[in-house]
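*Asks:* Here's a sequence, model it:
(chains A and B)
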Amino acid sequence: DAGVIQSPRHEVTEMGQEVTLRCKLISGHNSLFWYRQTMMRGLELLIYFNNNVPIDDSGMPEDRFSAKMPNASFSTLKIQPSEPRDSAVYFCASSTDRAVGELFFGEGSRLTVL
Amino acid sequence: KNEVEQSPQNLTAQEGEFITINCSYSVGISALHWLQQHPGGGIVSLFMLSSGKKKHGRLIATINIQEKHSSLHITASHPRDSAVYICAVDPDKLIFGTGTRLQVFP
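*Replies:* Have a look, this model is predicted:
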């Protein structure tokens, strides 16, 4: 298996533009997590899905952020409109079970909003 | 006070030294994870613990549920072990420590 695949790896955009980050889970995994990492705040959970259903989105910063899981193997994280403070590395991770599963991380998407 | 505290924040060692990184937490958990983040940014899960001790190669992780404390040990450290080590606890969603930056010099 290729592991968790994220795209794009790097994105530079201007303030106000829409950003879409993508994540493909490992086959057979049923939990998906979106994290954000910044120098100031470290790693933070944004949202997680279990069996395609959003379970906890309390970490999503505000209405500009939305995440979807249209099928069991794919998820998107959208920021619209983007702001410079959204600049961070966004990680996607999957596991076989939310509570006790080992996490497998993607390589991350580094977002820079100018 | 952070719910997950790691110490030390930064650690330097000579190749071959025994390394210990500590993690204390203040919430009830179902599992604790140790993660490794290399300078390139990728994150790898090293261990997931709910009790006792686990060993993988030169890495050993222990957890004491009563004391709410976990340690990650690296025996015979090597420069390739240089990375940030992150402790994360799982009450109902992952809460991360701020990480311990380890540098091992030849």
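*Asks:* just the strands in chain B please.
*Replies:* Here chain B has its strands, by DSSP state E, at B:4-7, B:10-14, B:19-25, B:31-37, B:43-49, B:52-56, B:59-64, B:69-74, B:83-90, B:95-96, B:100-105.
*Asks:* how about these, which one is nearest residue A:38?
*Replies:* Smallest distance to residue A:38 across the strands of chain B (CB to CB): 11.9 Å, for strand B:95-96. For every residue, glycine as well, the C-beta is placed using N, CA and C.
*Asks:* which residues touch that closest one?
*Replies:* A:42-45, B:3-4, B:25, B:27, B:86-89 (CB atoms under 8 Å, 6 or more residues apart in numbering or on different chains).
*Asks:* quick check, nearest of the residues you listed to residue B:68?
*Replies:* residue B:25 (5.1 Å).
*Asks:* Among the contacts of strand B:95-96, which one is most surrounded by other residues?
*Replies:* Greatest neighbour count in those, by other CB atoms under 10 Å in any protein chain shown, goes to residue B:87: 27 neighbours.
*Asks:* How many neighbouring residues does the residue nearest to that residue when sequence neighbours are not counted have?
*Replies:* Closest residue to residue B:87 apart from its sequence neighbours, by CB to CB, 6 or more residues apart in numbering or on different chains: residue B:23 at 3.4 Å. By other CB under 10 Å, 25 other residues sit near residue B:23.
*Asks:* Ok, residue A:14 next?
*Replies:* With other CB under 10 Å as criterion, residue A:14 counts 10.
*Asks:* again with the one 4 residues further on
*Replies:* Other residues near residue A:18 come to 11 when the count uses other CB under 10 Å.
*Asks:* Show me the strands in chain A, by range?
*Replies:* Ranges of strands in chain A, per DSSP E, are A:5-7, A:10-13, A:19-24, A:31-38, A:42-50, A:53-56, A:65-71, A:74-79, A:88-95, A:104-105, A:109-113.
*Asks:* Out of those strands, which one sits most buried?
*Replies:* Among the strands of chain A, ranked by average contacts under mean count of other CB atoms under 10 Å in any protein chain shown, first place goes to strand A:88-95 (a mean of 24).
*Asks:* need the contact list for residue 80.
*Replies:* Just so you know, I chose chain A. Residues in contact with residue A:80 (CB under 8 Å, 6+ apart) are A:18-19, A:64, A:66.
*Asks:* sorry, should have said chain B
*Replies:* Per CB under 8 Å, 6+ apart, neighbours of residue B:80: residue B:104.
*Asks:* so what's residue B:33 bridging to?
*Replies:* Taking DSSP bridges as the rule, residue B:33 bridges to residue B:48, residue B:88.
*Asks:* Contacts only, for residue 9.
*Replies:* Just going to use chain A. By CB under 8 Å, 6+ apart, the neighbours of residue A:9 are A:107-110.
*Asks:* Oops, wrong one, chain B.
*Replies:* With the criterion set at CB under 8 Å, 6+ apart, residue B:9 makes contact with B:98-101.
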